[in-house]
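Trainee: what's the 3D shape of this:
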Amino acid sequence: MHPISTPRPQFRFVEYGNIIVSFGLVDGNGMLTNAGALLADEPLVRHSRVFCTRWTGACKDDAMDDAEFGGSLLSLVRESEAFIKRHNVTSWKKTANSCIDQPSYSERAVTEALVNALIHRNYLILGSEVHIDIYDDRLEITSPGSMFEGGKLPNDVLTESIPSLRRNPLLADLFQRMHYMERRGSGLRKICQTTMNEDNFEDRFMPKFEERNGFFFVTLWNMNYHATPQVNQQAAGEKSEIENTLHQPIPQVAPQVAPQVESLVAALGDNELTARELMERMGLSDRKNFRLLYLAPSLESGVIERTIPDKPQSRNQKYRRPRK
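Mentor: Down below sits the predicted model:
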């Protein structure tokens, strides 16, 4: 790793001898290296942080939930995974003998994207952090630094090779030893493959990778969201074309939903109710838990909708079953 130009306390390690020296965590004098500082429990490198936000709607309007994490890279991975898992709504599909889980996001793809963001980011960009932004229809992970040494994103990460160039080789080696990643330039391909392995995957949910203004973006689409923005027009056109051809409407398939969603829908019935009215009907008092566990999953799965969709935080906002 290149030097990180930020002051930090100096610690001397002698009890582990050559072990952590061989891993590159301390130097021959027993002083922490940059890699060692990033893996220390204490937040020695201030800009090694992750900002997590669950937004209402499909843009950065109002935050429903947020958190900031610092400390060891291992801690950042665990805490970030936990935040995303809290908002990774899982539906299910019944089969003859069992139920198949259908998560909004592949957990393995999430871990791979997180590790890539933390290990391959540019730590020389001071005042920058990794950002995780969760919207109704997608999850975005943004990390400082574009492709290393002028590398280029291939048009198709599934079929085109990506050179294995590592900005932070010590971190990559350590995380490979802990089985968090490989060192073969296969991370982006694995994100796509693990997403494709999910039962509810469709072509429109293929992960997206971008470089913009010195930052790297990974977008994972919510596979339980009823329609992502970029496919609305296409879906509408396909429906119109089929209806014109067959002269009959396209049947709607009711999604499988979690128990909390079922209870909210049952309380809502055919009415238009505010969040407070729904909570009263359901006997709930914790507004934050209601939004996280009941309201947000119901909106994401498409079984309810806002009466004022353009203003999610309107004081006059109510909720209802989707109009046909």
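
Trainee: show me the contacts for the closest residue to E211 other than its chain neighbours.
Mentor: Spatial nearest neighbour of E211, excluding adjacent residues (Cβ to Cβ, 6 or more residues apart in numbering): S146 at 4.6 Å. For glycine as for every other residue, the C-beta is placed from the backbone atoms N, C-alpha and C. Taking Cβ atoms under 8 Å, 6 or more residues apart in numbering as the criterion, S146 is in contact with E211, G214, F215, F216.

Trainee: how about those residues in TSV, adding distance to K85?
Mentor: Compiled in TSV, the contacts of S146 are given as follows (distance: Cβ to Cβ, whole Å):
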residue	distance to K85
E211	28
G214	30
F215	25
F216	23
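
Trainee: buried by neighbour count, from those: which ones?
Mentor: Buried by 16 or more other Cβ atoms under 10 Å: F215, F216, out of the contacts of S146.

Trainee: among the contacts of S146, which ones are in helices?
Mentor: Using DSSP state H, the subset of those located in helices is empty.

Trainee: closest to S128 out of the contacts of S146?
Mentor: Distance to S128 across the contacts of S146 (Cβ to Cβ) is lowest for F215, with 8.2 Å.

Trainee: specify the local secondary structure of L38.
Mentor: The assignment at L38 comes out as helix when based on DSSP: H, G, I helix; E, B strand; the rest coil.

Trainee: what's the neighbour count on it?
Mentor: For L38, the tally of surrounding residues (other Cβ atoms under 10 Å) stands at 27.

Trainee: go on, D27?
Mentor: 12.

Trainee: equivalent analysis for F290, please.
Mentor: F290 has 19 nearby residues by other Cβ under 10 Å.

Trainee: quick check, central residue of this structure?
Mentor: In the chain, the C-alpha nearest the mean C-alpha coordinate belongs to L139, at 4.1 Å (Cα atoms, centre = their mean).

Trainee: what's opposite it in the beta bridge?
Mentor: When assigned by DSSP bridges, L139 has beta-bridge partners I134, L220.

Trainee: for the residue nearest to R287 when sequence neighbours are not counted, what is the enclosing helix or strand?
Mentor: Residue nearest to R287 in three dimensions, not counting chain neighbours: M279, with 7.0 Å by Cβ to Cβ, 6+ apart. Using DSSP states H and E, M279 sits in helix 275-282.

Trainee: how distant is that helix from the center of its chain?
Mentor: 29 Å (Cα atoms, centre = their mean, to the nearest Å).

Trainee: now do the strands in the chain.
Mentor: Remark: strands assigned in the chain by DSSP state E are 49-55, 63-70, 90-94, 99-103, 130-134, 138-144, 208-212, 215-221, 305-306, 319-320.

Trainee: who touches the last one?
Mentor: In other words, strand 319-320. 268, 271-275, 278, 295, 298-299, 304-307.

Trainee: of those, buried ones?
Mentor: L268, L273, L278, L295, S298, L299, I304, R306.

Trainee: pull the most distant pair out of those.
Mentor: L273 and L299 (13.7 Å).

Trainee: give me the below-cutoff pLDDT ranges for the stretch 1-150 of the chain.
Mentor: 1-23, 148-150 (pLDDT under 70).

Trainee: grab the nearest non-local neighbour of H226.
Mentor: G302 (2.9 Å).

Trainee: now the one you found: how far from S104?
Mentor: 12 Å (Cβ to Cβ, to the nearest Å).

Trainee: between the two, who's got more neighbours?
Mentor: Set G302 next to S104 and count neighbours by other Cβ under 10 Å: S104 wins out with 27 against 16.

Trainee: hmm, F205 and that one touching each other?
Mentor: No: contact criterion Cβ atoms under 8 Å: S104 and F205 do not qualify, at 9.8 Å.

Trainee: quick check: neighbours shared by the two?
Mentor: M223.

Trainee: still on that earlier bit, pull the contacting residues for the residue nearest to the centre of the chain.
Mentor: I84, Y105, V110, I132, D133, T219, L220, N222.

Trainee: and the gap between the nearest residue to the fifth one once chain neighbours are set aside and A113?
Mentor: What it means is D133. Closest residue to D133 apart from its sequence neighbours, by Cβ to Cβ, 6+ apart: E140 at 4.7 Å. Going from E140 to A113 by Cβ to Cβ gives 10 Å.

Trainee: neighbour count winner among the two?
Mentor: A113 (30 against 17).

Trainee: how close does that one get to R189?
Mentor: Taking Cβ to Cβ, one finds A113 at 12 Å from R189.

Trainee: in the contacts of strand 319-320, find the pair that's most separated.
Mentor: Checking those with Cβ to Cβ, the most distant pair is N271 and L299, at 16.4 Å.
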